[in-house]
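Trainee: what follows is a predicted structure for the sequence shown.
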Amino acid sequence: MDLYLPVANLSVNALVIIALGGVVGLLSGMFGVGGGFLTTPLLIFYGIPPTVAAASAASQVTGASVSGVFTHMARGTVDVRMGAVLTAGGVVGAVIGVFLFRLFQALGQIDTMIGILYVLMLGGIGMLMAKESIQALVALKTGKRLAARKRRHHPLVAALPMRWRFYRSGLYISPLAPLLLGMATGILTMLLGVGGGFILVPAMLYLLGMTTQSVVGTSLFQILFVTMATTMMHALTTKAVDLVLAMLLLIGSVTGAQIGTRISMTVRPEYLRILLAAIVLLVAARMALGLGFRPDEIYTVEVR
């Protein structure tokens, strides 16, 4: 079932794209991650241009985040004040990301830059996850308990001026810390099409010292609005958003997420984490190979 993607300017098998979205949704449901950091590489492997893959993945993350935000809002697990600061930083970061995107696009290096950033990001995250997962599995086998981390914010965060109270998160810190964190994720969202939750959640826990109950809901709140902003910016500036591609991915990811959630209830979390780490490292290795090998088509033609 071939379908033409108007912005990507190529025909694809719609069922394959839905299946790719289903795989990402399956991982999302199984591991509790957004899955956006795997969407763009998988699309690139299939042959979608990296610029279109990154821009369209951001719009797909927006659609996938809506139901999650409403669920957490109903449960009262969203710190709206913290989320607003993170979102403000994310929008500023997205604006900075637009200029960086256009700069590398003008230099003809945007595809290479996206590939390099993904290799560094996925490689680093994969190794950290693998280390933590192996420690958890060793502790499980030996019967030893891992030392629990104390909930406290980083000394650098404590040193920042102008403290605010974030009641839902149980924090009294400077808004500059979440603002800068939001900016960093906004730049990543613009350049790579990721929601940024895989960086945002650990940073909110270990840098800001937020409560576990409010972290996931607040991060989804920020991701929803920042991906909305980046999708609009991509549509207005880079014109790389392919809504047909995004809709196909969304259909697959919604279905896959339901299946993944059921699987996660039957498998131990320690085994799920080591499996996710292995998948992330494999994707990083494939991206690195793609950067190192000479492509079949050395030149590309861009019609303006």
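Mentor: Okay, I see it.
Trainee: return the distance of Val85 relative to Val92.
Mentor: Val85 sits 11 Å away from Val92, going by CB to CB, to the nearest Å. For glycine as for every other residue, the C-beta is placed from the backbone atoms N, C-alpha and C.
Trainee: more neighbours: which of these two?
Mentor: More crowded of Val85 and Val92, by other CB atoms under 10 Å: Val85, with 21 against 17.
Trainee: how about the contacts made by that one?
Mentor: With contact taken as CB atoms under 8 Å, 6 or more residues apart in numbering, Val85 is in contact with Pro175, Pro178, Leu179, Gly182.
Trainee: and if you look at Val95?
Mentor: Neighbours of Val95 in contact, by CB under 8 Å, 6+ apart: Gly186, Met233.
Trainee: at 10 Å instead, please
Mentor: Met183, Gly186, Ile187, Met190, Ala229, Thr230, Met233, Thr237 (CB atoms under 10 Å, 6 or more residues apart in numbering).
Trainee: hmm, back to that, shared neighbours of Val85 and Val92, which are they?
Mentor: Leu179, Gly182.
Trainee: from the chain's centre, how far out does the top helix by length along the chain sit?
Mentor: With secondary structure taken from DSSP state H, the chain has its longest helix at helix 110-142. Relative to its parent chain, helix 110-142 has a centroid offset of 14 Å by CA atoms, centre = their mean, to the nearest Å.
Trainee: for the stretch 1-150 of the chain, just list every one of the strands.
Mentor: 2-5, 10-13 (DSSP state E, counting those that start in this stretch).
Trainee: show the pLDDT at the residue lying closest to Val52 once chain neighbours are set aside.
Mentor: Among residues not flanking Val52 along the chain, Ala8 sits closest, at 4.5 Å (CB to CB, 6 or more residues apart in numbering). At Ala8, the model reports a pLDDT of 76.
Trainee: now Ala88
Mentor: 91.
Trainee: out of the contacts of Val85, which is nearest to Asp79?
Mentor: Pro178 (9.7 Å; CB to CB).
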